[in-house]
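Undergrad: turn this into a model:
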Amino acid sequence: MRVPGPHPVDASTGLGVGYPHEMGRTTMAIAAVLLTACGDSAPVTMMPPTIDAPTIDAPAPPAHLVAYVSGYGPNLAWLDLDPATGALTPVASLAAFAGSPSFLAMTRTHLYAASESTSRVGAYTIDQGTGALTAINDVASGGNGPAHVSVDASGKFVLVANYGAGTISVLPVRGDGGLMAAIQTVSAGTNAHQILTDPSNHFVLVPCKGSDYIAQYTFDPQTGMLAANAVPHLTTAAGAGPRHLAFAPGGGHAYLVNELDSTLTTLAFDGSTGRLTAKQTVSTRATGATGANTGAEVVVHPSGKFVYASNRGDNNVAVYAIAAGTGMVTLASHTPTGGLTPRNFTIDPSGAWLFAANQGSSTVTTFAIDASTGGLTATGSPITATQASFVGFVALPAR
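TA: Numbers count the residues shown, from 1 in each chain. Below you'll find the model as predicted:
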């Protein structure tokens, strides 16, 4: 919608300043001189030209944000987010197409769920008014125990990392959002734990926990086909257990959480070659922390100023400040997640709220994010979700 904007006004004339009205004032003055020169003393009355008021774009209404939650229980649930308070309001849930839908991937119109227990991936439509899910179909994941699923930037392909088999698969997306059988399945490495495209959508990266490397591929977004990069792996420290990585805005850096040694690695990314280079590795644990712990999830704040990593055992989220330019990190704080085994967490699109999925306590907890420090403050009441292992958002059209 567009609304009229005000004009500045000259108090002496009542005419708008800085617009063609001033041409009208000048024209009247010239006409008066000419008439006087001709001996005509009659008063002169001239109306300024009519000018349409300029228009100003009204602010777009806020999107309708819907959270989707799943885990090792039987259901997929969706909840409405109040962006002002961070409150999640349960809307509905349905039985998933198969058990243990432990990880989800979404576009604005479709949701894809990986079932670890059946080694299949299910497709759903997302109702654009309510966020409700309707099952379309499901297909084999291309290997045992899929742990991660993502959608390429074109929306034409769903990518799957099969943890048990150590394979990755490419599933074409049909016109209705449903899935077709895998067009390619390749061995990536032991315990392939994640698969994602780079920001250009021309490269694919796969952290392989049991192989202590990140597999690097080229990706053809037209055909969906993968090929090993000229440098096929970035090797991590022995026993690190690379699990998940996340790109910073701009794509020049990425951050890797290593599960087995509880560390976070800063990576430089060459967008022309699709290759990673390690720059820095720091602990995800607080000084003096003891007992068993594993790293789980990593998320970069939308501002690019902070990166977060979760600890299962210490049951907290580590907050790091990111140095502009270099991408290097400095530990800022740790905040308990208010539950057990924070396997997954996400940040809403505005960057105001963080939501942690605590698998061990079957809860999702909410935290306000300090825009200056990146620090977290618990807020609201936990949401119950059986063995929660995923929480993520879709921005639907405003209601």
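
Undergrad: please verify my assumption that residue 250 contacts residue 304.
TA: Yes - Residue 250 lies in contact with residue 304 (Cβ atoms under 8 Å); the separation is 7.0 Å. To be clear about C-beta, it is placed using only N, CA and C from the backbone, and glycine gets the same treatment.

Undergrad: which stretches in the protein count as helices?
TA: Assigned by DSSP state H, the helices in the chain fall at 21-37.

Undergrad: what about the strands in the stretch 201-350 of the chain?
TA: 203-208, 213-219, 226-235, 242-247, 253-258, 263-270, 275-283, 294-300, 306-312, 316-322, 329-336, 342-347 (DSSP state E, counting those that start in this stretch).

Undergrad: tell me, what residue is most central in this structure?
TA: For the chain, residue 349 is the residue whose C-alpha lies nearest the centre (Cα atoms, centre = their mean; 6.5 Å).

Undergrad: and the pLDDT for residue 3?
TA: With respect to pLDDT, residue 3 scores 38.

Undergrad: also the one 10 residues further on?
TA: Residue-level confidence at residue 13 comes out at 37, pLDDT.

Undergrad: next up, the contacts around the closest residue in space to residue 97 that isn't next to it in sequence.
TA: Closest residue to residue 97 apart from its sequence neighbours, by Cβ to Cβ, 6 or more residues apart in numbering: residue 122 at 3.8 Å. For residue 122, the contacting residues are 96-98, 101, 112-113, 115, 135-138, by Cβ atoms under 8 Å, 6 or more residues apart in numbering.

Undergrad: one more time with 6 Å
TA: By Cβ atoms under 6 Å, 6 or more residues apart in numbering, residue 122 lies in contact with 97, 113, 138.

Undergrad: burial count for the closest residue to residue 351 other than its chain neighbours?
TA: Nearest non-adjacent residue to residue 351, counting by Cβ to Cβ, 6+ apart: residue 302, 4.3 Å away. Applying other Cβ atoms under 10 Å, we find 15 residues neighbouring residue 302.

Undergrad: go on, residue 127?
TA: Around residue 127 sit 14 other residues, with neighbours defined as other Cβ under 10 Å.

Undergrad: cool, residue 335 as well?
TA: 17.

Undergrad: and the closest residue to it other than its chain neighbours, what are its bridge partners?
TA: In space, and not counting its chain neighbours, residue 335 is closest to residue 376: 4.0 Å by Cβ to Cβ, 6+ apart. Beta-bridge partners recorded for residue 376 (DSSP bridges): residue 369.

Undergrad: per-residue pLDDT of residue 376, please?
TA: 98.

Undergrad: that one: what's it in contact with?
TA: Taking Cβ under 6 Å, 6+ apart as the criterion, residue 376 is in contact with 335, 354, 367.

Undergrad: got these as JSON lines, with distance to residue 81 and pLDDT columns?
TA: Below are the contacts of residue 376 laid out as JSON lines (distance: Cβ to Cβ, whole Å; pLDDT from 0 to 100):
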{"residue": "335", "distance to residue 81": "20", "pLDDT": "98"}
{"residue": "354", "distance to residue 81": "12", "pLDDT": "98"}
{"residue": "367", "distance to residue 81": "13", "pLDDT": "98"}
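
Undergrad: ok, so of these, who is nearest residue 322?
TA: residue 354 (15.9 Å; Cβ to Cβ).

Undergrad: count of neighbours near the closest residue to that closest one other than its chain neighbours?
TA: The shortest distance from residue 354 to any residue other than its chain neighbours is 4.5 Å, reached at residue 367 (Cβ to Cβ, 6+ apart). Using other Cβ under 10 Å, the number of residues around residue 367 comes to 25.

Undergrad: against residue 135, how distant is residue 367?
TA: 32 Å (Cβ to Cβ, to the nearest Å).

Undergrad: same deal with residue 315?
TA: From residue 315 to residue 135 the distance is 34 Å (Cβ to Cβ).

Undergrad: hang on, the earlier thing: so which of the strands of the stretch 201-350 of the chain is nearest residue 128?
TA: Nearest of those (Cβ to Cβ): strand 342-347, 21.0 Å.

Undergrad: off-centre distance for that closest one?
TA: Its chain's average C-alpha position is 12 Å from that of strand 342-347, according to Cα atoms, centre = their mean, to the nearest Å.

Undergrad: same thing with stretch 108-116?
TA: For stretch 108-116, the distance to the chain centre is 15 Å (Cα atoms, centre = their mean).

Undergrad: so which bits of that stretch are buried?
TA: Residues 110-116 are the ones in stretch 108-116 that count as buried (16 or more other Cβ atoms under 10 Å).

Undergrad: for the stretch 1-150 of the chain, just list every one of the strands.
TA: In the stretch 1-150 of the chain, the strands defined using DSSP E, counting those that start in this stretch lie at 2-4, 55-57, 64-71, 75-81, 88-95, 101-106, 110-115, 120-126, 133-140, 146-151.

Undergrad: quick one: mean pLDDT over the last one.
TA: In this model, strand 146-151 has a mean pLDDT of 98.

Undergrad: so it versus strand 242-247, what angle?
TA: With axes from the mean of the first three to the mean of the last three Cα atoms, to 10 degrees applied, the angle from strand 146-151 to strand 242-247 works out at 20 degrees.

Undergrad: packing partners for strand 146-151?
TA: Under the contact criterion of 3 or more Cβ pairs under 6 Å, 6 or more residues apart in numbering; DSSP states H and E, strand 146-151 touches strand 101-106, strand 110-115, strand 157-162.
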